[in-house]
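>>> Predicted coordinates and the sequence they were generated for:
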Amino acid sequence: MKKIILIIIDGLGDKPIPQLENKTPLEAAKTPNLDRLAAEGVAGLVLPLKFGDFPHSDTAHLALFGYDPKIYYLGRGPYEAAGIGINLKKNEVALRVNFGTVDENLKVIDRRAGRISQTEPLIKSLQKIKIKKVKFILRKSYGHRAVLILKGENISSAITDGDPGKVGEKVKKILPVCFGRCGAQAIEKGKFTAKVLNEYLEKAHQILENHSLNRKRKKRGLLPANYLLVRGAGSFRKTPSIKEKYGLRACCIAGGALYKGIGKILGMKLIKVKGANGLPTTNLFGKFQAIRKSLKKYDFIFCHIKATDNLAEDGNFLGKKEFIEKIDKNINPILGLKNTLIVITADHSTCSTLKRHCLEPIPILIFGNGRNGVQSFSERACKKGKLGEINQLKLMSIILKLASA
């Protein structure tokens, strides 16, 4: 069986953009190495898994690995927590946090507070809040992201999100939710958790609003990080590992906490790469070198590249195009490998004009078994590929079949 390299270029797909002569950033980018892999391999389109109105990174990644989110999804929080080294225990609930900016009416001005990265002083100021014997532990992830852990008796992950997901909308009050039949005890736990979390968020907002760092940011014309936008509450439960499910020794190379966390929870060994930070400045060459080295020990290497998604969410289609070109220039360490299947795709498309995840089909190339004559790696070119349109949940079975042939 061939070794498998799965490279996920987050948010790679896009819609055509008038300023790029009605090309997508991928179509407009100069990518001779990716084009050669597509021309000498097989290509197609992956139909993204919708979870709600649009694809989401966490559930899309589970689908890519062949794990149905309806069965295995834990909530965003536990994956983020695992990615920064927190192993959730009993009576602990984790939530994903964005440091965001709100106005005096609690309407969201920016969900990422201008992509603030210096959040350590803010986090430190919130560490002593305790409400009704529930401890609130806030930990930095990367950039504007953090993880909030609720620890105490009678808490529940059956609560709604506070993050409205859109600019211009008011932050949402946390409410209890009931999945299926809920007993009286479960309902009371949900109500209690929602109550204490709402109180915590209000107190945190007051502290952040008056924090010296935010006052300095305002004076410099920067957005204050004055609110914690929380979502994806969840608790840990055991998930079958890649080894248990497929018999593969697997590792994960990523900069973002979510992707490290998904890898860790699925039993992948986390490979550290100096300078791999999930940002446009990430050490791409180091990541590809790490992939090559990892082939000696592992059968399945998952490598995640984040910045394409961030740039598209900021509407920076030129930056997305240039970053794709940067990926192409740094991919040399994994070219020319023998007995290896290289799979390059994305978890979802991110549309630069919409500044969000979108439902556009995702281009995919698989190099190492077969050839179908597609001459470039792009959305329109891959549409003509031999693989056709692939259900995201079935991709792993196709990869395993090609690796075994």
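Cool, the structure landed. Bear in mind that the values here come from a model prediction, so they are computed numbers and not experimental data.
>>> Residue 298: how many residues sit nearby?
21 (other C-beta atoms under 10 Å). The C-beta positions use only the backbone N, C-alpha and C, and glycine is treated the same way.
>>> Residue 145 is in contact with residue 80, correct?
Yes - the criterion here is C-beta atoms under 8 Å, and residue 80 meets it with residue 145 at 7.3 Å.
>>> Settle it for me: which of those two has more neighbours?
residue 80 (30 against 21).
>>> residue contacts, that one?
Under the criterion of C-beta atoms under 8 Å, 6 or more residues apart in numbering, the neighbours of residue 80 are 94, 96, 141, 145, 147, 232, 257, 258, 261.
>>> And the residue nearest the centre of the chain, how far from residue 45?
The centroid of the chain falls nearest to residue 57 when counting by C-alpha atoms, centre = their mean (4.3 Å). According to C-beta to C-beta, to the nearest Å, residue 57 and residue 45 sit 19 Å apart.
>>> repeat for residue 205
Applying C-beta to C-beta to residue 205 and residue 45 gives a distance of 43 Å.
>>> Of those two, which one has the most company?
Ranked by neighbour count (other C-beta under 10 Å), residue 205 and residue 45 place residue 45 first, with 22 against 16.
>>> Could you check how far residue 153 is from residue 374?
Residue 153 is 58 Å from residue 374, by C-beta to C-beta.
>>> Show me which of the two is the more surrounded one.
Per other C-beta under 10 Å, whichever of residue 153 and residue 374 has more neighbours is residue 374, with 24 against 10.
>>> all strands for the stretch 151-300 of the chain, in order.
With DSSP state E, counting those that start in this stretch as the criterion, the stretch 151-300 of the chain has strands at 227-234, 250-253, 269-270, 300-305.
>>> do you know which of those strands lies nearest residue 355?
strand 227-234 (16.3 Å; C-beta to C-beta).
>>> can I see the domain layout of the chain?
Annotated domains of the chain cover 3-73+239-404, 81-234 [automatic domain parsing].
>>> which residue packs closest to the residue nearest to the centre of the chain, ignoring adjacent ones?
Leaving out its chain neighbours, the residue that sits closest to residue 57 by C-beta to C-beta, 6 or more residues apart in numbering is residue 347, at 5.5 Å.
>>> Could you check the pLDDT of the one you found?
At residue 347, the model reports a pLDDT of 98.
>>> roughly how far is the longest strand seen in the chain from the heart of the chain?
Ordering each strand of the chain by length in residues (DSSP state E) puts strand 92-102 first. Taking C-alpha atoms, centre = their mean, to the nearest Å, the mean C-alpha location of strand 92-102 is offset from the chain mean by 15 Å.
>>> now swap in stretch 223-240 and tell me
12 Å.
>>> which parts of it are buried?
Neighbour-count burial for stretch 223-240 flags 223-236, 239 (criterion: 16 or more other C-beta atoms under 10 Å).
>>> Among the residues you listed, list the two that are farthest apart in space.
Among the buried residues of stretch 223-240, 224 and 239 lie farthest apart (C-beta to C-beta), at 38.0 Å.
>>> Run through the helices of the stretch 151-300 of the chain in chain order.
184-209, 212-219, 242-246, 257-265, 284-294 (DSSP state H, counting those that start in this stretch).
>>> Quickly compare the ones you listed and say which is most buried.
helix 257-265 (a mean of 26; mean count of other C-beta atoms under 10 Å).
>>> about what we covered before: list just the nearest of the buried residues of stretch 223-240 to residue 5.
residue 239 (22.6 Å).
>>> Between its first and last residues, what's the separation in stretch 123-135?
14 Å (C-alpha to C-alpha, to the nearest Å).
>>> now do stretch 262-269
Span of stretch 262-269 from end to end, C-alpha to C-alpha: 11 Å.
>>> Can you classify residue 139 as helix, strand or coil?
strand (DSSP: H, G, I helix; E, B strand; the rest coil).
>>> Show me the contact partners of stretch 241-251.
Against stretch 241-251 from outside (C-beta under 8 Å, 6+ apart): 4, 65-67, 263, 266-271, 294, 297-302, 396, 400.
>>> Pairing-wise in the sheet, spell out the partners of the closest residue to residue 387 other than its chain neighbours.
Of all residues not flanking residue 387 in the chain, residue 44 sits nearest, at 2.7 Å (C-beta to C-beta, 6+ apart). As for beta bridges, residue 44 partners with residue 364, residue 388 under DSSP bridges.
>>> ok, now how distant is residue 44 from residue 381?
Taken as C-beta to C-beta, the span from residue 44 to residue 381 is 10 Å.
>>> The two - which one has more neighbours?
Comparing residue 44 with residue 381 by other C-beta under 10 Å, the one with more neighbours is residue 44, at 25 against 19.
>>> which residues touch that one?
Counting by C-beta under 8 Å, 6+ apart, residue 44 makes contact with 364, 382, 383, 385, 386, 387, 388, 389, 390.
>>> from those, which is closest to residue 160?
Among these, and counting by C-beta to C-beta, the member closest to residue 160 is residue 390, at 33.0 Å.
>>> Am I right that the closest one is in a helix?
No - counting by three-state DSSP, residue 390 is not found in a helix; it is strand.
>>> check contacts around it.
Taking C-beta under 8 Å, 6+ apart, we find residue 390 in contact with 44, 45, 46, 47, 364, 398.
>>> Quick one: those residues as CSV, columns for distance to residue 329 and pLDDT too.
Shown next, in CSV, are the contacts of residue 390 (distance: C-beta to C-beta, whole Å; pLDDT from 0 to 100):
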residue, distance to residue 329, pLDDT
44, 25, 97
45, 25, 98
46, 25, 98
47, 30, 97
364, 21, 98
398, 29, 97
